[in-house]
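Visitor: A structural model of the following input is requested.
(one chain, ligands or ions: 1)
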Amino acid sequence: TTKLSSEEILCQLRSRLDFRMITAAESPFNTSEWEAYLPKENITMHLGRCAVVSSAGSMRSSHLGPEIDSHDAVLRFNGAPTRGFQVDVGEETTIRLVNSQLITVEEQKFASDPQYNFGTLIVWDPAPYHSNIHEWYQKPDYNFFESFKHYRKKHPEQPFYILNPHMQWQLWDILQENSPEDIQPNPPSSGMLGIVLMMNFCDEVDVYEFLPSKRRTDICHYYQKFFDQACTMGAYHPLLFEKNMIKHLNRGKDEDIYNYGKVTLTGLRNIQC
Ligand code: NCC
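Guide: Residues are numbered from 1 along each chain as shown. From the prediction side, this is the model:
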């Protein structure tokens with residue numbers, strides 16, 4: 001394989017990823033059962049400087065909080081808290097991207113923990129490879145639909161979207177095409193999905209501790225005492241390949257990766273293809 005330039009990869013991301021959210025207008029969701037719970041229109045966000053905060057243990061003692069909060073928008077993942085960790089991870093949350101496992105398996109916590117009530121929520125589910133939306137609807141990886149409706153009923157004013165399941169596999173294809181080896185046939189991590197979502201919404205995206213800094217650790221999350229190397233290197237998700245691609249796309253300095261775990265990416269809107 002010939003290695004594509006970062007500009008060429010950015011153009012692939014822009015032309016091949018379908019960033020749409022599921023709306024009440026599309027089959028099989030265009031029923032009365034769904035009408036009250038789904039947005040009528042796709043998400044629209046035009047943001048300036050954005051921050052993506054990985055949940056990695058190396059966020060601990062980073063003191064990146066004020067820098068993260070200085071952005072126009074901040075994206076966080078799954079159950080990652082801000083309370084008690086503001087100094088290291090900041091306190092703003094504009095978007096929270098959660099997987100379908102979190103909202104089903106941890107449904108009680110999801111329904112009751114006020115940390116989820118801020119900003120816009122987006123949920124994604126590991127659908128089968130390039131399955132159509134009807135097949136996926138019959139057999140999602142986690143049956144999160146009831147839990148989604150339940151939350152929407154309780155918080156009708158909070159924007160909450162379901163990411164269309166095509167995007168993850170379009171992204172996986174791009175990762176595979178740009179990797180020298182066969183990668184595992186599992187969808188990209190929430191981290192990688194969140195990064196490309198923000199590249200679509202923002203002029204510029206700073207990502208923290210997706211590429212580990214000098215604080216790199218086997219502690220999985222900054223908010224838990226749980227050790228597992230797979231959290232950083234990947235097991236189920238093709239994390240290593242995601243991280244290689246993000247490294248290739250970095251416009252920032254290598255020493256910013258080392259010191260702050262920081263990479264800077266260009267928004268997809270601003271590129272010439
Ligand atoms: O751990 P998780 O991810 O919630 O982390 C969010 C994203 O941060 C990046 N990360 C995390 C830890 C680390 N040491 N290095 C990192 O780079 C990754 O990009 C990661 O995606 C997920 O991707 O959705 C994941 O979710 C958890 C879990 O489902 C949720 O936290 C909800 O409880 C998965 N863990 C398990 O299933 C046990 C994890 O594999 C992936």
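Visitor: any idea which helix or strand carries the residue of the stretch 51-200 of the chain found nearest the ligand?
Guide: Residue of the stretch 51-200 of the chain nearest the ligand, by C-beta to the nearest ligand atom: Gly191 (1.9 Å). C-beta: built from backbone N, CA, C; applies to glycine. Gly191 belongs to helix 190-201 when assigned by DSSP states H and E.
Visitor: list the strands paired with the helix or strand just after that helix, with their directions.
Guide: Using DSSP H and E, the helix or strand that directly follows helix 190-201 along the chain is strand 202-208. Strand 202-208 pairs in its sheet with strand 47-53 (parallel), strand 262-266 (antiparallel), by DSSP bridges.
Visitor: Tyr161 is nearest to which of those?
Guide: Among those, the nearest to Tyr161 by C-beta to C-beta is strand 47-53 (15.4 Å).
Visitor: follow-up on the earlier one: which one, of the strands paired with strand 202-208, ends up nearest to Phe227?
Guide: Using C-beta to C-beta, the strands paired with strand 202-208 put strand 47-53 closest to Phe227, at 20.7 Å.
Visitor: which ones are touching the nearest residue to Leu4 once chain neighbours are set aside?
Guide: Spatial nearest neighbour of Leu4, excluding adjacent residues (C-beta to C-beta, 6 or more residues apart in numbering): Asn178 at 6.1 Å. Neighbour list for Asn178: 1, 3-4, 9, 245, 248 [criterion: C-beta atoms under 8 Å, 6 or more residues apart in numbering].
Visitor: one step back: tell me which residues are up against the helix holding Gly191.
Guide: Helix 190-201 has contacts (C-beta under 8 Å, 6+ apart) with 13, 17, 19, 45-47, 50, 52, 54-55, 73, 75, 77-78, 95, 97-99, 122, 124, 163, 167-168, 171, 175, 187, 205, 207, 210, 237, 239, 242, 246, 265-269.
Visitor: restrict those residues to contacts with the ligand.
Guide: Residues of the contacts of helix 190-201 in contact with the ligand (C-beta under 6 Å from any ligand atom): 54-55, 77-78, 99, 210, 237.
Visitor: about what we covered before: pLDDT on the helix holding Gly191, on average?
Guide: Regarding helix 190-201, the rounded mean pLDDT is 98.
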